[in-house]
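Peer 1: Could you work out the structure for the sequence below:
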Amino acid sequence: MSVTVITSQNFETEVTASEKTVLIDFWASWCGPCRMLSPVVDEIAEEHADVKVCKINVDDEQELAGRFGVMSIPTLVVISGGQVKNKSVGVIPKEKILEML
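Peer 2: Numbers count the residues shown, from 1 in each chain. Model (predicted):
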């Protein structure tokens with residue numbers, strides 16, 4: 001599966017209404033740690049078809065970042081059944097991300 005770019009326009013259909021567990025990566029292009037985590041998130045998207053992997057650029061989608069209380073990036077949020085199930089801030093190893101799911 002590829003990574004889905006989320007905006008306020010497609011958030012409800014892609015995330016809230018998703019049948020799958022959703023992993024959201026809140027990031028920004030200027031963020032060094034985000035660039036370190038991005039390939040790991042991409043790997044998870046390729047290897048785990050049972051998870052919908054999404055990215056939200058906090059510069060473009062400040063309202064969504066605020067809605068999830070994102071103060072620092074990268075922030076990963078796991079949503080299942082429309083509810084936040086897990087959240088992590090900073091770069092974490094792939095194994096920890098998989099544990100969050």
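Peer 1: Going by C-alpha atoms from here, please, whenever you check contacts or count neighbours.
Peer 2: Noted.
Peer 1: Output the contacting helices and strands for the lengthiest helix in the chain.
Peer 2: Longest helix in the chain by number of residues, with DSSP state H as the criterion: helix 32-47. If contacts are counted by 3 or more CA pairs under 8 Å, 6 or more residues apart in numbering; DSSP states H and E, helix 32-47 sits against strand 51-57, helix 94-100.
Peer 1: For Glu43, find the nearest of these.
Peer 2: Glu43 lies closest, by CA to CA, to one member of these: helix 94-100, at 8.9 Å.
Peer 1: Identify the residues contacting the closest one?
Peer 2: Val40, Val41, Ile44, Val78, Asn86, Lys87 (CA atoms under 8 Å, 6 or more residues apart in numbering).
Peer 1: Relative to Glu61, how far out is Ile44?
Peer 2: 23 Å (CA to CA, to the nearest Å).
Peer 1: Out of those two, name the residue with the larger neighbour count.
Peer 2: Comparing Ile44 with Glu61 by other CA atoms under 10 Å, the one with more neighbours is Ile44, at 21 against 14.
Peer 1: Now do the contacts for the more buried one.
Peer 2: Ile44 neighbours (CA under 8 Å, 6+ apart): Val53, Lys94.
Peer 1: that older thread, go through the longest helix of the chain and flag the buried ones.
Peer 2: Cys34, Leu37, Ser38, Val40, Val41, Asp42, Ile44, Ala45 (16 or more other CA atoms under 10 Å).
Peer 1: re earlier: tell me which of the helices and strands packed on helix 32-47 sits most buried.
Peer 2: Most buried of the helices and strands packed on helix 32-47 by mean neighbour count (mean count of other CA atoms under 10 Å) is strand 51-57; its value is a mean of 22.
Peer 1: I appreciate the help and will end here.
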